[in-house]
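# coords please:
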Amino acid sequence: AMAQAALSAAGLHFDELNKLRVLDPEAAQQTAQLREECGAFLDKIAEFQKIVGSLIKVVDQLAKAAESEKMKAIGARNLLKSIAKQREAQEQQLQALIAEKKMQLERYQIEYETLCKIEADQNEFIDQFIFQK
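Got it, this is the predicted structure:
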């Protein structure tokens, strides 16, 4: 025990296998434990980096998909706007055509009425001509 105390004072220690060590067994055990914990911590950090990396990939893919859908939506909206404008132009053309046809109908009605009057006058003239004979 006295020899062990003298060795300890000189900074030398015996381990569990009775080998002579410079570090005292408790400090050596704590150092080994710290080394293991650091290793485990590094493994966890590496795992975390992998997870974050795959998360970033997924978020990038989602962003690209969202951008693509946004472009499709903008395209569809523009298409609808142009279709609406085409319809509006068609409607205006048809309204103009209807107005034109209404005016034509009025002219034909006036012409018809005039012709009916002429026919009546001519029939009356013919009747008078026949009765005169």
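# C-alpha only now, for contacts and for neighbours.
Fine.
# Count the neighbours of Ser68 for me.
12 (other Cα atoms under 10 Å).
# swap that for His13, please
19.
# before we move on, what about the one 4 residues further on?
Residues contacting Leu17 under the criterion other Cα under 10 Å number 6.
# element containing it, please.
For Leu17, there is no enclosing helix or strand under DSSP states H and E.
# And it, how far from Pro25?
11 Å (Cα to Cα, to the nearest Å).
# Next: Val59.
Val59 is 50 Å from Pro25, by Cα to Cα.
# just the strands in the chain please.
13-14, 20-21 (DSSP state E).
# Could you give the average pLDDT over the first one?
Mean per-residue pLDDT for strand 13-14: 70.
# Select the longest helix from this structure.
For the chain, the helix with the greatest residue count under DSSP state H is helix 25-132.
# Let me know the average pLDDT across that one.
pLDDT averaged over helix 25-132 gives 95.
# Gln61: how many residues sit nearby?
Gln61, neighbours per other Cα under 10 Å, totals 12.
# Distance check, it against Leu55.
Gln61 is 10 Å from Leu55, by Cα to Cα.
# can you check Thr31 too?
Counting by Cα to Cα, the gap from Thr31 to Leu55 is 35 Å.
# Asp121 now?
Distance from Asp121 to Leu55, by Cα to Cα: 97 Å.
# quick revisit: what helices or strands is the longest helix of the chain leaning on?
If you count contacts as 3 or more Cα pairs under 8 Å, 6 or more residues apart in numbering; DSSP states H and E, helix 25-132 packs onto no helix or strand.
# now it: how far from the chain's centre is it?
Computed by Cα atoms, centre = their mean, to the nearest Å, the separation of helix 25-132 from the middle of its chain amounts to 15 Å.
# please renumber so the chain begins at 460
Got it, the first residue is 460 from now on, which makes the last one we talked about helix 484-591.
# What is the burial count for Lys503?
Neighbours around Lys503, by other Cα under 10 Å: 12.
# That one and Lys561: what is the separation?
85 Å.
# Same check on Glu570?
14 Å.
# Same question for Thr573.
18 Å.
# same deal with His472?
In terms of Cα to Cα, His472 sits 120 Å off from Lys561.
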